[in-house]
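Trainee: Curious how this folds, go ahead:
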Amino acid sequence: MYPMAPLIRTALNATARVAPGPAGRAAFHLFVRPLGRARVKPEEEALLATARTGHLRVRGKDVVTYAWGDGRRPVLLVHGWSSRASRLTAFAEALLARGYSPVAFDAPGHGDSPGRASNIVEYREIIRELHTRHGDFDAVVAHSFGVLASLFALRDGVRTARFVGLGGVGSFDLLVKGFRAGLGVDERVVRCMRAHVERRLAPDEPGIWDRLDADLDPGALGAPVLLFHDESDDMVPPAQSRLLARAHGDRARLVVTRGLGHRRILRDPDVVAEAVEFLTAPMPAAGEPSEERVAAAG
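Mentor: This is a model prediction of the structure:
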């Protein structure tokens, strides 16, 4: 996963013992760097070309934004890690056809946005800024890491009427464990990275590390939730969406798909249709029971 992992592992493990500050900073810089930059796929080009492209600046970084429609009934689309906004064009197309106004962005170091890295706090600030510009969202549709980041933002003042998560990360610890496994670093290195995050990334938010899990304070969302996760997802275990479904209780429904994996779920016609129907249907009555359903790929 990481080039030169044995050398990096040796250096970080040794540095963490004698210089925790530099070790934490170095580990964080690796942790927040995407593993490559996704390119636009041919099937995404036509809709992307019709977007109103904009820019915003968050925490000193430039971010490319996209918007479609007339601005009424905005729906925020949030891409995952090492991905880009165009991966959600199937949802943008379907929502446009229903009269909604999709809004999206490429996080720093992703898609057409410059830079080499991003992090969950930057995602939150981007989402906050788009909320300020476009008003309350009729819905938020997020994929993978975007689910974790979106729910973090939705606990901190951003408002939406509904939420759809696809292949979502529910536990920040999953990402940390993946980072440790990819490099083989000691737990001491993770502690150094945590100290760096709390001291440097968000010094005004004590204990921020403990507030990053998406199942924390689910009542703050206060909106119906529809989750999709493929049973053979090789990037994010389905248990992550089950964690979110349990946390959100009666407001949540989980659909487990088959044969779509982590990425094809974003373009599956049945998934897109069911998600858009959920987003555009009359608001469900309070207290409807949550459920899990299995849907085979068509």
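Trainee: which residues of the stretch 101-250 of the chain fall in strands?
Mentor: Ranges of strands within the stretch 101-250 of the chain are 101-106, 139-143, 163-166, 225-230, based on DSSP state E, counting those that start in this stretch.
Trainee: Out of these, the one nearest residue 181 is which?
Mentor: strand 225-230 (21.0 Å; CB to CB). (Glycine included, C-beta is placed from N, CA and C.)
Trainee: and that closest one, which residues are buried?
Mentor: Buried residues in strand 225-230, defined by neighbour count with 16 or more other CB atoms under 10 Å: 225, 226, 227, 228, 229, 230.
Trainee: List the contacts of the closest residue to the fifth one other than its chain neighbours.
Mentor: If you skip the residues right next to it in sequence, residue 229 has residue 241 as its closest partner in space, 3.9 Å away by CB to CB, 6 or more residues apart in numbering. For residue 241, the residues meeting the contact criterion (CB atoms under 8 Å, 6 or more residues apart in numbering) are 165, 167, 168, 170, 227, 228, 229, 254.
Trainee: ok, now with 6 Å
Mentor: By CB atoms under 6 Å, 6 or more residues apart in numbering, residue 241 lies in contact with 168, 227, 229, 254.
Trainee: A strand includes residue 75, no?
Mentor: Yes - according to DSSP: H, G, I helix; E, B strand; the rest coil, residue 75 belongs to a strand.
Trainee: where does residue 253 land in three-state SS?
Mentor: Under the three-state scheme (three-state DSSP), residue 253 adopts strand.
Trainee: Surely it touches residue 226?
Mentor: Yes - Residue 253 is within contact range of residue 226, at 5.4 Å (criterion: CB atoms under 6 Å).
Trainee: Mean pLDDT added to the strands of the stretch 101-250 of the chain, as TSV?
Mentor: Output for the strands of the stretch 101-250 of the chain, formatted as TSV (pLDDT from 0 to 100):
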stretch	mean pLDDT
strand 101-106	98
strand 139-143	98
strand 163-166	98
strand 225-230	98
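Trainee: Look up how far residue 67 lies from residue 239.
Mentor: 35 Å (CB to CB, to the nearest Å).
Trainee: Can you check the pLDDT for residue 36?
Mentor: What the model reports for residue 36 is a pLDDT of 89.
Trainee: Quick one: residues contacting it.
Mentor: Neighbour list for residue 36: residue 82 [criterion: CB under 6 Å, 6+ apart].
Trainee: wait, is it part of a helix?
Mentor: No - assessed with three-state DSSP, residue 36 is coil; it does not lie in a helix.
Trainee: can I assume residue 68 is in contact with residue 102?
Mentor: Yes - assessed by CB under 6 Å, residue 68 is found in contact with residue 102 at 4.9 Å.
Trainee: Mind checking which of residue 239 and residue 67 has more residues around it?
Mentor: Legend: neighbour count by other CB atoms under 10 Å for residue 239 and residue 67, higher for residue 67 (20 against 12).
Trainee: now the more buried one, nearest residue through space, not along the chain?
Mentor: Once flanking residues are discounted, residue 67 sits nearest to residue 52: 4.7 Å by CB to CB, 6+ apart.
Trainee: Do I have it right that the one you found meets residue 69?
Mentor: No - the criterion here is CB under 6 Å, and residue 52 misses it with residue 69 at 9.3 Å.
Trainee: Those two: which has the busier surroundings?
Mentor: The residue with more neighbours, out of residue 52 and residue 69, is residue 69; 18 against 11, by other CB under 10 Å.
Trainee: Contacts only, for that one.
Mentor: 96, 101.
Trainee: for it, helix, strand, or coil?
Mentor: Taking three-state DSSP, the label given to residue 69 is coil.
Trainee: need the contact list for the residue lying closest to residue 41 once chain neighbours are set aside.
Mentor: Once flanking residues are discounted, residue 41 sits nearest to residue 86: 7.1 Å by CB to CB, 6+ apart. When contacts are counted by CB under 6 Å, 6+ apart, residue 86 touches 40, 44, 48.
Trainee: Name the SS class of residue 86, please.
Mentor: Look at residue 86: counting by three-state DSSP, its state is helix.
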